[in-house]
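Asker: take a look and give me a structure for this.
(one chain, ligands or ions: 3)
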Amino acid sequence: MSQALNVHIAEGTPFEYQTDVLVLGVFEDGELDGPAKELDTRLKGVLGAAIGRHEFSGKWLEVWSTYTAGAAAHRVLVLGLGKKEQFGLAELRQAAGQSSQWAISQHAKSLAWVTPAIVGNADQVAEVMAEGLLLGAWAFTPYTQEPHVDSLTEASLLGLPAEAKGGIERGRIIATAQNLVRDLGQRPSNKLYPELLAEEARRQGQDHGFEVEVFDEGKLKELGMEALLGVGSGSIYPPRMVIMRYQGGGNRTLALVGKGITFDSGGISLKPGLGMEEMKYDMLGSGAVLGAMIALADMKVPLNVVGIMAIAQNMPSGSAYKPGDVVKAFNGKTIEVTNTDAEGRVALSDAVSYAAHLGVNWIVETSTLTGAAITVLGHEATAMVATDDGLASLVLQASEAAGERVWRLPIYPEYKKLYKSDVADMKNAPGREAGTITAGMIIAEFVGNVPFAHLDIAGSAWTPAGPLNRTKNGPTGVMVRTFVELAERLTR
Ligand code: BES
Ligand code: ZN
Ligand code: MN
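Answerer: Ligands and ions are numbered 1, 2, ... in the order given. Okay, here's the model as predicted:
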């Protein structure tokens, strides 16, 4: 985790404020007005001239910078905000992220935003700006001899009322939790195997005030969790199930369940070698669940939430589970393993049936489950498969508010035949058709009557280099924000 960035509301006139980088947003193809016009005047027309020369036009996330030659700020960053009609809170979050990334690339120690006047109340503006700035400042500390230190320590928001500091605090809590998930994702599987991930959950529970229970392989056996045990049986690192409980109050409970495969080699159905290192990210579903628990506890959201992580390492070996094996999950249903690489649904069958057994009111599960989700939606959205329209619509609303895209896929009864087995209640790996949907439907076989939504983050849990991501192929921490928004909606 990089050095802490302090985001705060500051008073002062932008052009008299002492900072390394003064940040100002400009909409596409608009007239220079307000602070942008004043900036142009103070800088003797260089911004207007740059626009005239087509060096800058305000296009989405376009960057233009100049030195001020002696003004209070050392230099100015003018950021393109794109089309005014398309600009909202989600875009402001991303623009803030772009600004901290850029400031870090320039070795700046401080930045100050001339906060744009946009729709949304000051609290929400403060929140998304704090989130964006902190997410943009994230970088994994690499395992190099040379210590890596980020320079950026101060981010001031000008033009916001002091009362909006609650929004900053909310943004700080959420982004810090999300960045922790990204740190966990980036850890390779020799430095984050099941016991260590469970240990991390324990520590976070102690620090943030939620209860953590860890099932080791003995306990898993006692509970009849053959499915999770099967997935983990090929590895020298035994599987774990982690149960986290946050008692926010009220008489209803949300279960958040996450896939925690600390490395997915495919097992005996081994994956091709190229790019296999990315499968250290296969625990990001359980990472999102842990991150959400932290944020919900810190924010004291008035809802009971139980977080469940199904953790194992999927490896080929003499003790590994094999194609043809039949495993019995916690709820008694059996699964024929036709492909050991479809391990996520197998591991999760025990986790969601345990959630149902706890008598929760809703089960929302997230996992890097299918390559097919990337085929359908690319890296731009999370795929949802849900059994309950009411819950699905709340998830969609939450994801919209969080700025994390979710797209719902249908459940048609005809798909059921695709995972029918001759030797067990179902098989784990149907063919390619409707691959993301059948995966979700298989997990839904284990929730009983509890309203259920499955969120496939195979495409969204990590991305190629992007605006909120300074490392190539970095983990995003997706679903932490959506889960917080969802929990809040479930209290209403
Ligand atoms: N963890 C993978 C899915 C995945 C692949 C996520 C690539 C992100 C990027 C999962 O365990 C898996 O291997 N799924 C198989 C299922 C198939 C064998 C039915 C897949 O998607 O190919
Ligand atoms: Zn996997
Ligand atoms: Mn797999």
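Asker: going forward, measure contacts between C-alpha atoms and count neighbours the same way
Answerer: Fine.
Asker: tell me where the stretch 301-450 of the chain has strands.
Answerer: Remark: strands assigned in the stretch 301-450 of the chain by DSSP state E, counting those that start in this stretch are 304-314, 326-328, 334-336, 362-367, 382-386, 406-409, 426-427.
Asker: any idea which of those strands gets closest to P35?
Answerer: Closest to P35 of the strands of the stretch 301-450 of the chain, according to CA to CA: strand 406-409, at 36.0 Å.
Asker: now the residue of the stretch 1-150 of the chain found nearest ligand 1, what's its secondary structure?
Answerer: The stretch 1-150 of the chain approaches ligand 1 most closely through F140 (20.1 Å), counting by CA to the nearest ligand atom. At F140 the chain is in coil, as set by DSSP: H, G, I helix; E, B strand; the rest coil.
Asker: got the contact list for stretch 86-98?
Answerer: Under the contact criterion CA atoms under 8 Å, 6 or more residues apart in numbering, stretch 86-98 has outside partners 61, 79, 81, 118-120, 124-125, 128-137, 401-403, 467-468.
Asker: export it to PDB, keeping only CA atoms.
Answerer: C-alpha atoms of stretch 86-98 as PDB (Å, rounded to 0.1, in the frame of the first residue of the first chain):
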ATOM      1  CA  GLN A  86     -22.600  13.400 -19.800                       C
ATOM      2  CA  PHE A  87     -20.900  14.600 -16.700                       C
ATOM      3  CA  GLY A  88     -22.100  13.300 -13.300                       C
ATOM      4  CA  LEU A  89     -20.800  12.000 -10.000                       C
ATOM      5  CA  ALA A  90     -19.200   8.800 -11.600                       C
ATOM      6  CA  GLU A  91     -17.300  10.900 -14.100                       C
ATOM      7  CA  LEU A  92     -16.200  13.300 -11.400                       C
ATOM      8  CA  ARG A  93     -14.800  10.300  -9.400                       C
ATOM      9  CA  GLN A  94     -12.800   9.200 -12.500                       C
ATOM     10  CA  ALA A  95     -11.500  12.700 -13.200                       C
ATOM     11  CA  ALA A  96     -10.300  13.000  -9.600                       C
ATOM     12  CA  GLY A  97      -8.500   9.600 -10.000                       C
ATOM     13  CA  GLN A  98      -6.900  10.900 -13.200                       C
END
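Asker: which of the contacts of stretch 86-98 are buried?
Answerer: Neighbour-count burial (16 or more other CA atoms under 10 Å) applied to the contacts of stretch 86-98 gives 61, 79, 81, 124-125, 128-137, 401-403, 467-468.
Asker: thinking again about what came up before, looking at the strands of the stretch 301-450 of the chain, which is closest to ligand 3?
Answerer: strand 304-314 (7.7 Å; CA to the ion).
Asker: return the subset of the contacts of stretch 86-98 lying in helices.
Answerer: Among the contacts of stretch 86-98, the ones falling in helices (DSSP state H) are 124-125, 128-136, 401-402.
Asker: got the residues you listed as a markdown table, with pLDDT and distance to Y412 columns?
Answerer: As requested, the ones in helices among the contacts of stretch 86-98 are exported to a markdown table (pLDDT from 0 to 100; distance: CA to CA, whole Å):
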| residue | pLDDT | distance to Y412 |
| --- | --- | --- |
| Q124 | 95 | 39 |
| V125 | 96 | 41 |
| V128 | 96 | 38 |
| M129 | 97 | 41 |
| A130 | 98 | 42 |
| E131 | 97 | 38 |
| G132 | 96 | 39 |
| L133 | 96 | 42 |
| L134 | 96 | 41 |
| L135 | 94 | 38 |
| G136 | 92 | 40 |
| A401 | 94 | 28 |
| A402 | 95 | 29 |
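Asker: from these, list the ones also adjacent to ligand 3.
Answerer: Applying CA under 5 Å from the ion, the subset of the ones in helices among the contacts of stretch 86-98 adjacent to ligand 3 is empty.
Asker: does stretch 428-445 come close to ligand 3?
Answerer: No - using CA under 5 Å from the ion, stretch 428-445 stays clear of ligand 3, coming no nearer than 10.3 Å.
Asker: end to end, how far does that stretch reach?
Answerer: End-to-end span of stretch 428-445 (CA to CA, to the nearest Å): 11 Å.
Asker: state the mean pLDDT of that stretch.
Answerer: In this model, stretch 428-445 has a mean pLDDT of 97.
Asker: which parts of it are buried?
Answerer: Under 16+ other CA under 10 Å, the buried positions of stretch 428-445 are 428-430, 434-445.
Asker: find the pair from these with maximum spatial separation.
Answerer: The span of those, defined through CA to CA, is set by A434 and E445 at 16.5 Å.
Asker: in this structure, which residue sits closest to ligand 3?
Answerer: D341 (3.6 Å).
Asker: just the strands in the stretch 151-300 of the chain please.
Answerer: Here the stretch 151-300 of the chain has its strands, by DSSP E, counting those that start in this stretch, at 154-158, 211-215, 240-247, 253-264.
Asker: so which of those strands is the most packed in?
Answerer: Per residue and on average, the most neighbours among the strands of the stretch 151-300 of the chain fall to strand 253-264, with a mean of 29 (mean count of other CA atoms under 10 Å).
Asker: list the contacts of the residue of the stretch 51-200 of the chain found nearest ligand 1.
Answerer: Residue of the stretch 51-200 of the chain nearest ligand 1, by CA to the nearest ligand atom: G185 (12.7 Å). G185 sits next to K280, Y281, M283, L284, G287, P475 when contact means CA under 8 Å, 6+ apart.
Asker: what's the most distant pair in those residues?
Answerer: Largest pairwise distance in the contacts of G185, by CA to CA, is 11.9 Å, between K280 and G287.
Asker: okay, these two: which has more neighbours?
Answerer: G287 (33 against 24; other CA atoms under 10 Å).
Asker: surely that one is in contact with V181?
Answerer: Yes - the criterion here is CA atoms under 8 Å, and G287 meets it with V181 at 5.2 Å.
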